[in-house]
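>>> After the sequence you'll find the predicted model.
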Amino acid sequence: QVQLVESGGGLVQAGGSLRLSCAASGSISRINDMAWYRQAPGKQRELVATITSGGRTNYADSVQGRFTISRENAKNTVYLQMNSLKPEDTAVYYCNAAAKRNYELEYHDYWGQGTQVTVSS
């Protein structure tokens, strides 16, 4: 099994910063793309940012220029640096990874349990 554990959420004032971390563990052979999603109350889960194993990144328009996704492949960890936070960034943030375990040929999607980010105005 592969587990993703997020950390770093919390309460911050508008204009502030937070850094989320997500560490993958288990019998992992390789991790391909990693991503952060978020879900606000009453809304659908949305993609925030993605990063390939080679470091290529992509961002939602709403966070472009304010958020930065990065990863440490040796630690199977992905980060999300969030700057200039706005109240509309308030959501539960979820880590996602496409990973395959030892002896597997295919990648499977794995999700973390989520971490709450609340931005006060």
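Structure's in. What do you need? Numbering: from 1, shown residues only.
>>> does the spatially most central residue of the chain belong to a helix or a strand, and which?
Central residue of the chain (CA atoms, centre = their mean): Trp36, 2.8 Å from the mean position. Assigned by DSSP states H and E, Trp36 belongs to strand 28-39.
>>> Tell me which other helices or strands that strand touches.
Counting contacts by 3 or more CB pairs under 8 Å, 6 or more residues apart in numbering; DSSP states H and E, strand 28-39 is packed against strand 18-26, strand 46-51, strand 67-72, strand 77-82, strand 91-101. C-beta here means a position set from N, CA and C on the backbone, and glycine is covered the same way.
>>> Quick one: distance of stretch 31-40 to the chain centre.
Between the centre of stretch 31-40 and the centre of its chain there are 4 Å (CA atoms, centre = their mean, to the nearest Å).
>>> I should have written stretch 5-13 there, sorry.
Mean-position distance between stretch 5-13 and its chain equals 12 Å (CA atoms, centre = their mean).
>>> Need the contact partners of that stretch.
18-23, 25, 85, 93-95, 112-120 (CB atoms under 8 Å, 6 or more residues apart in numbering).
>>> Pull out the buried members of these.
Neighbour counting by 16 or more other CB atoms under 10 Å classes 18, 20-23, 85, 93-95, 112, 114-115, 117, 119 among those as buried.
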